[in-house]
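**Q** No letters, just coordinates:
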């Protein structure tokens, strides 16, 4: 690296100047392509949700502008009209704005991959660009990273395609998103993402800021690999194919500045509190960086921010880290701490707010207590309501009076079931859908036990034992606070179902192969392509293949076969397909895996256990399995009673097999 | 349309300046010195005067006031911007009065009689149109710019009167004015400078490096050692961010400590402050007085769990009350804190004090 370092410095000066003349571009993806904020983001796209009374996309644009971006492409999909309206009204679209914002909308974007493919198709970027989401809050000065990136590209002839910005933060920091917990292996010298190079460091103290500096090739690579959906796919693809394609990903680790992506409500809570505590300086509430009339507020001791025309009743206390929007009135003897209150809210007497996030036009009656909850625009909380931790009141919900909502309650004006019905097209047509869902809403009555006698809204969680809803609530607040083991099992379940479909596909392939008499090489090819399509490991392929083959007679002729019939039909099949097996079973470990798959199957089909030895014998004869492997499998300890039983049953025959084999060996040796 | 073009160019310049102000001063002290900010503001106001559409002094003052309000709101802690706006407004008033031929405006004597009888020239009186007003105002602003350019030199020139041989001088943080002041004195005299490092931003380190490059004997001390070292110090010379209307200071944090220690040891405390830092602000305007930046320097973001359990504040400025200050050295000479009110009324018009 150092020897190369010497060379590059000479030739760089002139070309760098050339490059700087081109305006710096950015791609801002104003859509999350997931449903983490769901009942809330049904009414408002995530990028427009207020954080400290300013829409999140404004933070991102301000970040881009302050790093010197001169041209930004904003891609929106879900509720693109609202985003467009917002941007057209904001300072970014004024003629004096140093950052020219182009808004590109399409209903067809379903992932980051689609967006970048569109970037490539429309040929929008000419040079290195910054890629961010519309919910990134940051004040990191990326110019240093940009310089390093350009430098690397000069030196290594465009090998480096992406530089990802990371911020140092130790594990346990509340602004670390648990879902994003990354462990990064990097080459300590070149700051490159590395996989098993000679010298690298593994770091767990990094926070992914979701800011990446990309070369124009990134868009092309997304086009070439149409299965890349997210940035993770991309990174994985690059790293796996590093040796083939020669592309590299670097990282830039910074200690200064702040950068985080609001990826769930947990992050929303912590980023909001960081912002109020001035970690994102100079993007503080009183700076009014969006330059909107009447948005200004004053900052006083203990991080209390007050907008214009705020009235505070007698005996009310704003303890610390409080932001109050303009025209908000607060009654007497209230106690407010660590909260953000939007514009035009009214709050009654004796209200306790702690870590509450209230958006605009919220009405809170007297004697209400709210802890760590989000109350969206237009929501009404009636007398003596108690919101426990992590409640979410979506748009225009009415709650109370005299009610206590348990932890993690999500209330929305949209009925959860209506959601499931039109699950498919929700990303496509928002307006239309909202329109006809309203009719349905009227049909279903509100449950007074859930939302109070005067309440309006539907509970979105737990009480119904619907897994999807549970997952949803979890998504809203992130995994940190509800560390639910279910999520793991669910993902496993989905994996299992994938295995299942793969198994069926393999079965179909083999069947067809038999019927149409296809050459085994082609079968292998087909199975291989299936393997990629379902993302199945080689080991699993082998296991599934073994299983499919051994089950084949049952599939064809019903389960009531006698052992004799079974072996009779199976053995020729094994002979036909032995090249397929040989293709997959190569290493010693493969043999053992195959054997364990055989064992597993015969444990299930315990009436046919006696057939096993014949199968093994056949496989040995066809040279699918090696002798040592079989012996090793036999000698290794059985894992449970049943398999011990199985082995015992096999034992006798096994011995004879063994003896026969050894005799054969001896005889062959003698023959020699 | 060249006229429209010019106007667009002007708004663009103003927007860029505002954005700069808003992002400026990211904790490690202002990116540019306040002198530079003052010059930029004045140059921008000159541009406004030259290019905006106005027919009478009243219009112009309204325009300047409007832009001034936005500029001061962009970064309330940067008072030089506001000060320059006030200076320009005062210039317009004077030029208008001169054009009218009355000496009323130049007569600054306030008396009870005057207060009772009239409110001075009110806005309606600025409606008269004068052909040469624009040229005159621009000329006067140019003079102001020349004055701004010379401030640091003017202050540095007085160094030899205050610094004597073999003295031990203490300073805190980094101030360009003080640096020039000390360097000027070092040309003739030999003395020892002690620099308090001024945590958490530690601008003192930079100051010490610069001074030692000019071959001045320099020692850096931790802020905690200020009191202990004070007994050896002959004189404390500091810079400031703003001189307030009551003669107090708003200076980088750590200054108050130094001032109190100096008072305890009866060491003279000299403040080097150019006139453009004089602000009509009083220290009781709590809302915009302090500036808090990211707590990163105090407790790094990498700390992890503790950050969710504590509140960390990182103020940038200290308030130093006027009774702790011995002398102000400005570009027009040395003054006691009690005389500040007088300078204030000479520099700014009382009607402009709040924009």
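**A** Sure, I can see it. Treat the numbers as computed from the prediction; the structure is a model and nothing was measured.

**Q** Make sure residue B:69 is actually in contact with residue B:355.
**A** Yes. Between residue B:69 and residue B:355 there is a contact at 4.9 Å, judged by C-beta atoms under 8 Å. Any C-beta I mention is one placed from the backbone N, CA and C, and that applies to glycine too.

**Q** Mind checking which of those two has more residues around it?
**A** Using other C-beta atoms under 10 Å in any protein chain shown as the criterion, residue B:69 and residue B:355 rank with residue B:355 on top: 17 against 14.

**Q** Look up how far residue B:237 lies from the closest residue to residue B:156 other than its chain neighbours.
**A** Spatial nearest neighbour of residue B:156, chain neighbours left out: residue B:184 (3.9 Å); criterion: C-beta to C-beta, 6 or more residues apart in numbering or on different chains. Distance, residue B:184 to residue B:237, using C-beta to C-beta, to the nearest Å: 12 Å.

**Q** higher neighbour count, these two?
**A** Neighbour tally, residue B:184 and residue B:237, criterion other C-beta under 10 Å: the higher count belongs to residue B:237, 25 against 20.

**Q** got the contact list for the more buried one?
**A** Contact analysis of residue B:237 by C-beta atoms under 8 Å, 6 or more residues apart in numbering or on different chains lists B:162, B:163, B:169, B:170, B:171, B:178, B:181, B:182, B:270, B:271, B:272.

**Q** same thing but at 10 Å, please
**A** Contacts for residue B:237 (C-beta atoms under 10 Å, 6 or more residues apart in numbering or on different chains) come out as B:159, B:162-163, B:169-172, B:175, B:177-178, B:181-182, B:185, B:193, B:268-272, B:327, B:329.

**Q** do residue A:500 as well
**A** So residue A:500 contacts A:534, A:544 (C-beta under 10 Å, 6+ apart).

**Q** Now do the same for it: helix, strand or coil?
**A** Following DSSP: H, G, I helix; E, B strand; the rest coil, the label given to residue A:500 is helix.

**Q** Now do the contacts for residue A:149.
**A** When the contact criterion is C-beta under 10 Å, 6+ apart, the partners of residue A:149 are A:128, A:130, A:142, A:160-163, A:212-215, A:250, A:252.

**Q** wait, doesn't residue B:278 sit right on residue B:340?
**A** Yes. Taking C-beta atoms under 10 Å as the definition, residue B:278 is a contact partner of residue B:340 at 7.0 Å.

**Q** Count the neighbours of residue 161 for me.
**A** Looking at chain A here, since you left the chain open. Residue A:161: 25 surrounding residues under other C-beta under 10 Å.

**Q** wait, I meant chain B there
**A** With other C-beta under 10 Å as criterion, residue B:161 counts 10.

**Q** Now do it against residue B:188, distance only.
**A** Between residue B:161 and residue B:188 the computed distance is 11 Å (C-beta to C-beta).

**Q** same question, residue A:369
**A** Using C-beta to C-beta, residue A:369 is found at 71 Å from residue B:188.

**Q** Please identify which of these two sits among more neighbours.
**A** Set residue A:369 next to residue B:188 and count neighbours by other C-beta under 10 Å: residue A:369 wins out with 18 against 10.

**Q** give me every residue that touches that one.
**A** Residues near residue A:369 by C-beta under 10 Å, 6+ apart: A:335, A:350-354, A:356, A:381, A:384-388, A:404.

**Q** Filter these down to the buried ones, PyMOL style.
**A** Here is the PyMOL selection string for the buried members of these, based on 16 or more other C-beta atoms under 10 Å in any protein chain shown:
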select buried, chain A and resi 350+351+352+353+354+356+381+384+385+386+387+388
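
**Q** Dump the contacts of residue A:369 into JSON lines; add secondary structure as well.
**A** Conversion of those to JSON lines gives the following (three-state DSSP):
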{"residue": "A:335", "secondary structure": "strand"}
{"residue": "A:350", "secondary structure": "coil"}
{"residue": "A:351", "secondary structure": "coil"}
{"residue": "A:352", "secondary structure": "strand"}
{"residue": "A:353", "secondary structure": "strand"}
{"residue": "A:354", "secondary structure": "strand"}
{"residue": "A:356", "secondary structure": "coil"}
{"residue": "A:381", "secondary structure": "strand"}
{"residue": "A:384", "secondary structure": "coil"}
{"residue": "A:385", "secondary structure": "strand"}
{"residue": "A:386", "secondary structure": "strand"}
{"residue": "A:387", "secondary structure": "strand"}
{"residue": "A:388", "secondary structure": "coil"}
{"residue": "A:404", "secondary structure": "strand"}
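
**Q** which one among the contacts of residue A:369 gets closest to residue B:305?
**A** Minimum distance to residue B:305 across the contacts of residue A:369 is 19.7 Å, recorded for residue A:354 (C-beta to C-beta).

**Q** In stretch A:610-628, which residues are buried?
**A** By neighbour count, with 16+ other C-beta under 10 Å as the criterion, the buried positions of stretch A:610-628 are A:611-620, A:622, A:624-625, A:627.

**Q** residues from the stretch 251-400 of chain A in reach of chain B?
**A** A:254-258, A:270, A:273-274, A:277-284, A:286-289, A:291, A:296-303, A:305-306, A:320-321, A:338 (C-beta under 10 Å from any C-beta of the partner chain).

**Q** Separate out the buried members of those residues.
**A** A:254, A:256-258, A:270, A:273-274, A:277-284, A:286-289, A:291, A:297-300, A:303, A:305-306, A:320-321, A:338.

**Q** Poorly predicted segments of the chain, please.
**A** Defaulting to chain A. For chain A, residues meeting the criterion pLDDT under 70 lie at A:1-21, A:158, A:194-198, A:418-444, A:461-497, A:559-560, A:606, A:636-672.

**Q** Actually, chain B is the one I wanted.
**A** For chain B, applying pLDDT under 70 flags the ranges B:1-4, B:24-32, B:102-125, B:285-288.
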